[in-house]
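Novice: Just a sequence and a predicted model for now, questions to come.
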Amino acid sequence: MRLLEFIAHEFFSLSSKLYVSYLRKKGVTIGEGTHGRGLKGIDLTRPCLVEIGRNCIVSQNVIILTHDVFSILREKYGEVLCSSGKVVIEDNCFIGANAIILKGVRIGRNTIIAPGSVVTHDIPANSVAAGNPCKVIKNLDEYYEKRKRIYVEEAKAYALELYRKTGKVPKKEDFWEEFPLFLSRKPSDWGKLPVRKQCGSALPNFLKSKPLYKSFEEFLIDAGIPRDQIEKEKYHSRSKLSDTR
């Protein structure tokens, strides 16, 4: 029986959707839009004690426990004192890689748990929490304001590092998360960029907004990539396009 369970576990793990379906059949509550490699780390000894809301991301190597050890007490005191507790992760939460969530914990909605954290107690909604034991380090509004301040500089640093490491001018497709900085809001200009997928429910806001840079080339120049290299790349691209016609 255990072998069959193992084979089923490994088979369904090949697909996130299949594995979510498998977990639901086992008794785990999982909301729509929730996914991630870390779902493989759910304690299935008591699946009814795990509830995960909608649109959550559970990163790789996350462990979610609904029980604790009793064998040490059994051997010393001669009694079996079971230990179990419900774990609830509310809607729109991110659980970072290698985090451990212990029994009896509730994580409020719109919360980010940093990688490597050990969550031993409840975390309130709209929080960013980290550490061992995991503690709230800021609220979500503070994190949002910080992201707004520094994400442009991070995107520019990434572009420059790509150029330095490859010796080539980066392409739009390299910026599958940073595209709001420079991309036209016309769908016909999006090319292979996964705009709809990345924007999700924020797509209407994206379409109403304006890019910070007038063009992709302007973004690259501001990142520190030489203008002459950008112009040379544009020339080669045009030449290749004309050769294919």
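Specialist: It's in.

Novice: quick one, strands of this protein?
Specialist: Here the chain has its strands, by DSSP state E, at 29-30, 50-52, 57-58, 63-64, 87-89, 94-95, 100-101, 106-107, 112-113, 118-119, 127-130, 135-139.

Novice: so what does the longest helix along the chain touch, helix or strand wise?
Specialist: Counting residues, the longest helix found in the chain (DSSP state H) is helix 140-166. Helices and strands touching helix 140-166, by 3 or more Cβ pairs under 8 Å, 6 or more residues apart in numbering; DSSP states H and E, are strand 127-130, helix 216-222. In this view, the C-beta of every residue, glycine as well, is placed from N, C-alpha and C.

Novice: where does the chain have low pLDDT?
Specialist: The chain contains residues with pLDDT under 70 at 1-14, 235-245.

Novice: Geometrically speaking, which residue is the centre of it?
Specialist: Nearest residue to the geometric centre of the chain (Cα atoms, centre = their mean): I57, 5.3 Å.

Novice: Can you tell me how far that residue is from E177?
Specialist: 14 Å (Cβ to Cβ, to the nearest Å).

Novice: repeat for S184
Specialist: Per Cβ to Cβ, S184 is found 17 Å from E177.

Novice: Kindly report the same for K171.
Specialist: The gap separating K171 from E177 is 14 Å, by Cβ to Cβ.

Novice: would you put the C-alpha positions of stretch 106-126 in CSV?
Specialist: Extracted in CSV, the C-alpha atoms of stretch 106-126 (Å, rounded to 0.1, in the frame of the first residue of the first chain):
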residue,chain,number,x,y,z
ARG,A,106,-2.4,30.5,11.0
ILE,A,107,-0.8,32.8,8.4
GLY,A,108,-3.0,35.7,7.5
ARG,A,109,-3.9,36.8,4.0
ASN,A,110,-1.5,38.9,1.9
THR,A,111,1.5,37.8,3.8
ILE,A,112,5.1,37.1,2.7
ILE,A,113,7.1,34.4,4.6
ALA,A,114,10.8,34.8,3.8
PRO,A,115,12.9,31.8,2.6
GLY,A,116,14.3,29.7,5.4
SER,A,117,11.9,30.9,8.1
VAL,A,118,10.6,28.6,10.8
VAL,A,119,7.0,29.6,11.6
THR,A,120,6.1,28.6,15.1
HIS,A,121,3.2,30.9,15.8
ASP,A,122,0.4,32.9,14.0
ILE,A,123,1.5,35.6,11.6
PRO,A,124,-1.1,38.4,11.1
ALA,A,125,-2.5,39.4,7.7
ASN,A,126,-0.6,42.0,5.5
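
Novice: from the chain's centre, how far out does it sit?
Specialist: Chain-centre distance of stretch 106-126: 14 Å, with Cα atoms, centre = their mean, to the nearest Å.

Novice: Tell me which residues are up against it.
Specialist: 53, 59, 87-102, 105, 127-134, 136-137, 139-141, 143 (Cβ atoms under 8 Å, 6 or more residues apart in numbering).

Novice: Buried residues, it. List them.
Specialist: Buried residues in stretch 106-126, counted by 16 or more other Cβ atoms under 10 Å: 106-114, 117, 119-120, 123, 125-126.

Novice: go on, stretch 91-105?
Specialist: 91-96, 98-105.

Novice: tell me the contacts of the residue of the chain positioned farthest from its centre?
Specialist: Taking Cα atoms, centre = their mean, the residue of the chain most remote from its mean C-alpha position is G78, at 45.0 Å. Residues near G78 by Cβ under 8 Å, 6+ apart: none.

Novice: Pull the contacting residues for the residue nearest to the centre of the chain.
Specialist: 34-36, 93-95 are the contacts of I57 under Cβ under 8 Å, 6+ apart.

Novice: Pull the most distant pair out of the residues you listed.
Specialist: Spatially, the most separated pair among those is H35 and C93, at 12.4 Å (Cβ to Cβ).
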